[in-house]
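K.L.:
Quick one, structure for this:
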Amino acid sequence: MIHPSLINTRHVWNIQSANEAGMFCWLKLKGIPNDDSLGLVKVKAVDAKVLFVPGVEFMPSNHRKPVGQSPVCPFVRASFSTATEADMEEAVRRLAAVVREARAEAEEGLACRCRPPC
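P.N.:
Numbers count the residues shown, from 1 in each chain. Below you'll find the model as predicted:
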């Protein structure tokens, strides 16, 4: 069964796997800059005190970019095996805020590039 906190924030991500049993849930983050969850999860989510694993960590090596280039993946993996319902709700709330903030920053950057110089 999908946890209600994930359903209520579907405008932020698509649920990629929702099993009746298991320890993980995969989320595809929507509208994140460059479809890259790595920096978002490893920096901004950590700053928000919430941990998810960027999907690129699970990609086979032949799907990664050459050395020196960063791999890109919009997926994150959430573990819920030991989390309480309250913990899950708070983690989802924090991740949604991080995604919204990243979207706003990206839109602001686009707006700045579209304006003529002063």
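
K.L.:
Now do the contacts for residue 78.
P.N.:
Going by Cβ atoms under 8 Å, 6 or more residues apart in numbering, residue 78 touches 24, 25, 26, 27, 52, 91. No exception for glycine: its C-beta is placed from N, CA and C like everyone else's.

K.L.:
Residue 26 reaches residue 77, doesn't it?
P.N.:
Yes - counting by Cβ atoms under 8 Å, residue 26 does reach residue 77; the two are 5.6 Å apart.

K.L.:
about what we covered before: which of the contacts of residue 78 has the largest number of neighbours?
P.N.:
Of all those, residue 27 has the most neighbours under the rule other Cβ atoms under 10 Å, reaching 25 neighbours.

K.L.:
Name the SS class of it, please.
P.N.:
Using DSSP: H, G, I helix; E, B strand; the rest coil, the structure places residue 27 in strand.

K.L.:
Next one, pLDDT for it please.
P.N.:
pLDDT for residue 27: 86.

K.L.:
That one and residue 88, how far apart?
P.N.:
12 Å (Cβ to Cβ, to the nearest Å).

K.L.:
just residue 80 next, same as before
P.N.:
Taking Cβ to Cβ, one finds residue 80 at 6 Å from residue 88.

K.L.:
swap in residue 105?
P.N.:
For residue 105, the distance to residue 88 equals 26 Å [Cβ to Cβ].

K.L.:
Specify which residue of these two has the higher count of neighbours.
P.N.:
Neighbour count, other Cβ under 10 Å: between residue 105 and residue 88, residue 88 has more, with 17 against 12.

K.L.:
Check the gap between that one and residue 25 for me.
P.N.:
As defined by Cβ to Cβ, residue 88 lies at a distance of 9 Å from residue 25.

K.L.:
Equivalent analysis for residue 49, please.
P.N.:
With Cβ to Cβ as the criterion, residue 49 and residue 25 are 19 Å apart.

K.L.:
what do you get for residue 101?
P.N.:
Residue 101 is 22 Å from residue 25, where distance means Cβ to Cβ.

K.L.:
Output the contacting helices and strands for the longest helix seen in the chain.
P.N.:
Using DSSP state H, we find that the single longest helix of the chain is helix 85-114. With contacts taken as 3 or more Cβ pairs under 8 Å, 6 or more residues apart in numbering; DSSP states H and E, helix 85-114 sits against helix 4-7.
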